[in-house]
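**Q** The following comprises the amino acid sequence and a computationally predicted model.
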Amino acid sequence: MEENPPLMRVQHLFRKGLFLPLVVGALIAIVILSGLYIYYQKQITIIEGDNVLQVKTFKQDVKSVLEQAGIELNSNDLVEPGLDKRLTEGMEIKISRAVPVVIEADGSQIEIMTVKNTVREVLEGEGFVINPEDKVKPEPDDEICPNMSIEITRVTHEFVNDTKKIPYKLIKKKNESLEKGITRVIQQGKEGLMEVTYKVIFEDGEEVERLVVSENVINEPQDKIEEYGTVDTFTTSRNETFRFSRVLNMIATAYDAGEKSTGKSPGDPNYGITSTGVKAKRGIASVDPKVIPLGTRLYVTGYGFAIAADTGSSVKGNRIDLFHETYKEAMQFGRRKVKVYILAE
């Protein structure tokens, strides 16, 4: 039978009483090594957004355990606690990923990567001072999202003094001794003057609103007072009484059918014919149809009854041209101020 050297060595140790101490020593070594393993191994929790990763590691710092977990960081990402912090049992490591954000303010635009949570935090982190009147869009307490655009509108104001005219009022009064259609100014109107203080609001240097803060009257306006006639009847020098709808103050001239007045001679087929096609005779008046419609019956002081039945190139506005049978009569009538009564229907 062949001898077994390892077995023989064990039997030798056993006979000498050395085997048991060796076994106990080995067990103690195993226990110590196991304790050291457990002592130096740490349970670490890595949190990134909604993702939670549990890691067991012998690494000593945050950076090393992230590398162990295969987590890559960008330069603007935030790790809490910091990368050089020593690991402790049960430590939680939180990773906040930087997102791109655009800020438009003060005439410029910048693009940044940020891990801040709100618009306000981003602006404070970039050194932007927000004044009480400034406008921020989105709202300062809104949460940041990737590719968000933040706009700052600078709002300022200043107070400006200016003067403004105060319009006068027109007061009309009846005058029962004045003919209908005639007005008379009793008192001229005068504009007043007011000093106005405005709060002028600017957005990014452009005026957007002007608010009245105070008004101070320097000169009160003076009302314009007019009288208007209500008398609608007129009695001629021959005691003829008629009703009229209105009366006009006009400049009257005179004309006849001859060449000097109309440019037409007796051989002309249109000689003595008005623009409305009726024969020219005393009582025909040439008018501006925009002032007196053709066909209107009239009474003209210093001339008599007439009908608006002719027009002329020089008869415009407040002018009336009255027909006479002869050139001599027309010249004698001349040019004068008249009242033209528009007869009632």
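**A** In hand now; what should we look at?
**Q** In three-state terms, label Ser261 for me.
**A** helix (DSSP: H, G, I helix; E, B strand; the rest coil).
**Q** Identify the residue spatially nearest to it, adjacent ones excluded.
**A** In space, and not counting its chain neighbours, Ser261 is closest to Tyr255: 3.8 Å by Cβ to Cβ, 6 or more residues apart in numbering. Where C-beta positions appear, they are placed from N, C-alpha and C, glycine not excepted.
**Q** do the same with Ser177
**A** Nearest one to Ser177, counting by Cβ to Cβ, 6+ apart, is Val231 at 6.9 Å.
**Q** What residues does the one you found make contact with?
**A** By Cβ atoms under 8 Å, 6 or more residues apart in numbering, the residues touching Val231 are Glu176, Ser177, Leu178, Glu179, Lys180.
**Q** Could you list the domains of this protein?
**A** Following automatic domain parsing, the chain resolves into domains at 42-96, 99-153, 157-228, 232-343.
**Q** Could you give the number of residues near Ala306?
**A** Number of residues near Ala306 (other Cβ atoms under 10 Å) recorded here: 22.
**Q** Tell me the bridge partners for it.
**A** Beta-bridge partners of Ala306, counted by DSSP bridges, are Leu298.
**Q** Is it in contact with Ile284, as I believe?
**A** Yes - using Cβ atoms under 8 Å, Ala306 makes contact with Ile284 at a distance of 6.7 Å.
**Q** beta partners of the nearest residue to Arg297 once chain neighbours are set aside?
**A** Residue nearest to Arg297 in three dimensions, not counting chain neighbours: Leu343, with 4.2 Å by Cβ to Cβ, 6+ apart. Residues in a beta bridge with Leu343, per DSSP bridges, are Phe244.
**Q** wait, Leu343 sits on Arg246?
**A** No - using Cβ under 8 Å, Leu343 is not in contact with Arg246, being 9.9 Å away.
**Q** can you list residues touching both of the two?
**A** Listed contacts common to Leu343 and Arg246 are nil; contacts here mean Cβ under 8 Å, 6+ apart.
**Q** Now the common contact residues for Ala306 and Ile284.
**A** Leu322.
**Q** Mind checking which of the contacts of Val231 land in strands?
**A** The members of the contacts of Val231 that map onto strands under DSSP state E are Glu176, Ser177, Leu178, Glu179.
**Q** ranking those residues by neighbours, who comes first?
**A** Glu179 (18 neighbours).
**Q** Skipping adjacent residues, who's closest to it in space?
**A** Nearest to Glu179 is Gly229, by Cβ to Cβ, 6+ apart, at 4.4 Å.
**Q** returning to that earlier point: okay, the domains of the chain in CSV with mean pLDDT next?
**A** Shown next, in CSV, are these (pLDDT from 0 to 100):
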stretch, mean pLDDT
domain 42-96, 91
domain 99-153, 94
domain 157-228, 94
domain 232-343, 92
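**Q** wait, which of the ones in strands among the contacts of Val231 is closest to Val129?
**A** Nearest to Val129, judged by Cβ to Cβ, of the ones in strands among the contacts of Val231 is Leu178 at 72.1 Å.
**Q** Quick check, the closest one in contact with Lys172.
**A** No - taking Cβ under 8 Å as the definition, Leu178 is not a contact partner of Lys172, at 11.9 Å.
**Q** list residues touching both of these two?
**A** Glu227, Tyr228.
**Q** Neighbouring strands - and their directions - for the one helix or strand Lys164 maps to?
**A** Assigned by DSSP states H and E, Lys164 belongs to strand 155-166. With DSSP bridges as the test, strand 155-166 is paired with strand 192-203 (antiparallel).
**Q** just checking, next helix/strand downstream of the strand it pairs with?
**A** strand 206-219.
**Q** who are the neighbours of that following strand, in terms of helices and strands?
**A** Packing partners of strand 206-219 (3 or more Cβ pairs under 8 Å, 6 or more residues apart in numbering; DSSP states H and E): strand 155-166, strand 192-203.
**Q** for these, which one ends up most surrounded?
**A** Ranked by mean neighbour count under mean count of other Cβ atoms under 10 Å, the helices and strands packed on strand 206-219 are led by strand 192-203, which reaches a mean of 15.
**Q** what residues does stretch 82-100 touch?
**A** Residues contacting stretch 82-100 (Cβ under 8 Å, 6+ apart): 42-49, 57, 59-63, 65-66, 71, 73-74, 76-81, 111-115, 144-148.
**Q** Sweet, I'm off.
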